[in-house]
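Student: predicted coordinates and the sequence they were generated for:
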Amino acid sequence: MFQTIPDPVPDALHGVMAAFRADPRPHKIDLGVGVYRDDSGASPVMAAVKAAEARLVADQDSKAYQALKGDEAFVAGLGALALGVPLPPRAAAIQGSGGTGCLRLALELAKAANPEVRLHLGLPSWPNHANLAAATGIALVTHRYFDVEAQRIDREAVRAAAEGTRAGDLFLFHGLCHNPTGSDLDDSDRAGLLAILRENGAVPLVDVAYYGLGDGLEADLAFVRTVAAEPRALISVACSKAFGLYRERTGLLIAVAESEAEAARVQGRLETISRTLVSMPPAHGAAVVVDILVDSALRKDWMVELEEMRARIFGLRGELEALSNVAPMLAGISRQRGIFRMLPLSPDQIAALARDHAIHMAPSGRINIAGLKAGDAARLAEALAALSKPGASL
């Protein structure tokens, strides 16, 4: 039977990771995978996470199964953090296996509710958004979100896409500093889009992961709280970035319904879907998050460290902006948020950066700014400038 399986399509980002690991040059720079890195280039375990894990190992007395919705305290605690208030009665919520797992649950739910549902997706976006739509059999309708050459959001295209939605469709929003381009819609943009979706009967789907790394924890979650007031909404909240729990696959899906009765039906369907996909989500990361959120000292330590991470990212953006006289394509980078920037580079230029300068990045030109160590910003600017010189080897 397996002879019918086609050759796999290589994962582009994992290819970048493999190329970086294989590069023997000591001055190599990894701007690929979207994880936070410190000044040394390490992706450390946060101090609050370490402390919570130590306590968990000492105190945990069982590895028995949990409820289908996951860790009840995690669902309540992360839900309250995301929404700023306890989960309301008209919200269903379930623990998912990271952001990807939560999005899969959201799309499976939408497909069950409306077999003709379409997902409206602005590009560039994360590859798994389209992959998940394909996996669930949901039609994908794309539009241009960002003009990479001009380095600006195509607001006209985004608004036209919202106007083209129909009742029961999904329209994907990135949480603050979640978009791979580094550029976010402003409050006025989002409010206008939500009004259009509300009028059309379409449902906002929000993918949130980098809260705390943009304008601060409360500011970064403000849009999530706005969306939670809509008649219906789907909100995926991952713990990979803000808590550094990348490999623990920890997240929460919140489904806002029109009524408490509708929410109860949605809760039951989500639990049924999760049962067939994973039976129940991993427990470890959720237990760590619970300990951090309920222990005032750990919560304070976590918020301090999160703010330190944010400050480092802002410092790097300022450093790169100051080098825009060397590499003009870096201009405006200080006005963006989070760890990403989409550079207007061709595949040949990206290959030349890896080959000639040991600078590795995603094939799209998306870079992770937090991958820069001390002194790396100047090297990056010089390498980008070299690409435009006459006779540059491409």
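Tutor: Structure's in. What do you need?

Student: biggest helix in the chain by residues?
Tutor: helix 296-322 (DSSP state H).

Student: after that one comes which helix or strand?
Tutor: strand 340-342 (DSSP states H and E).

Student: which parts of the stretch 51-200 of the chain are helices?
Tutor: 72-83, 98-113, 127-136, 155-163, 187-200 (DSSP state H, counting those that start in this stretch).

Student: which one of these lies nearest to Ser43?
Tutor: Distance to Ser43, taken as C-beta to C-beta, is lowest for helix 98-113 among those, at 15.8 Å. Every C-beta, even on glycine, is put in place using the N, C-alpha and C of the backbone.

Student: that closest one packs against which elements?
Tutor: Applying 3 or more C-beta pairs under 8 Å, 6 or more residues apart in numbering; DSSP states H and E, one finds that helix 98-113 contacts strand 91-96, helix 127-136, strand 170-174, strand 203-208, strand 233-238, strand 251-256, helix 260-277.

Student: centre of the chain to it, how far?
Tutor: Remark: helix 98-113 is offset 15 Å from the chain centroid, using C-alpha atoms, centre = their mean, to the nearest Å.

Student: list the contacts of Pro204.
Tutor: Leu170, Phe171, Phe173, Leu194, Leu197, Val227, Glu230, Ala233, Leu234 (C-beta atoms under 8 Å, 6 or more residues apart in numbering).

Student: where do the domain boundaries of the chain fall?
Tutor: 10-46+297-385, 65-294 (automatic domain parsing).

Student: got the end-to-end distance for the last one?
Tutor: Looking at domain 65-294, the gap from its leading to its trailing residue is 22 Å under the measure C-alpha to C-alpha, to the nearest Å.

Student: my read is that Asp30 contacts His360, right?
Tutor: Yes: if you go by C-beta atoms under 8 Å, Asp30 and His360 touch, sitting 5.6 Å apart.

Student: so what's in contact with the two at the same time?
Tutor: Phe20.

Student: that older thread, and the helices and strands packed on helix 98-113 as a markdown table, adding mean pLDDT?
Tutor: Compiled in a markdown table, the helices and strands packed on helix 98-113 are given as follows (pLDDT from 0 to 100):
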| stretch | mean pLDDT |
| --- | --- |
| strand 91-96 | 98 |
| helix 127-136 | 97 |
| strand 170-174 | 98 |
| strand 203-208 | 98 |
| strand 233-238 | 98 |
| strand 251-256 | 98 |
| helix 260-277 | 98 |
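
Student: nearest to Leu320, of those?
Tutor: So among these, strand 170-174 is nearest, using C-beta to C-beta, at 21.5 Å.

Student: output the closest one as PDB, nothing but the C-alphas.
Tutor: Taking C-alpha atoms only, strand 170-174 is exported to PDB below (Å, rounded to 0.1, in the frame of the first residue of the first chain):
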ATOM      1  CA  LEU A 170     -13.400  32.600   9.000                       C
ATOM      2  CA  PHE A 171     -11.100  35.600   8.700                       C
ATOM      3  CA  LEU A 172      -7.700  35.200  10.200                       C
ATOM      4  CA  PHE A 173      -6.100  37.900  12.300                       C
ATOM      5  CA  HIS A 174      -2.600  37.700  13.700                       C
END
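
Student: for it, packing partners?
Tutor: Short answer (3+ C-beta pairs under 8 Å, 6+ apart): strand 170-174 packs on helix 98-113, strand 118-123, helix 187-200, strand 203-208.

Student: what's the angle between it and strand 118-123?
Tutor: 30 degrees (axes from the mean of the first three to the mean of the last three C-alpha atoms, to 10 degrees).

Student: got the contact list for strand 170-174?
Tutor: Contacts of strand 170-174 (C-beta under 8 Å, 6+ apart): 106-107, 110, 117-122, 125, 129, 138, 161-162, 165, 184-185, 190, 193, 197, 202-207, 223, 227, 234.

Student: good, wrapping up.
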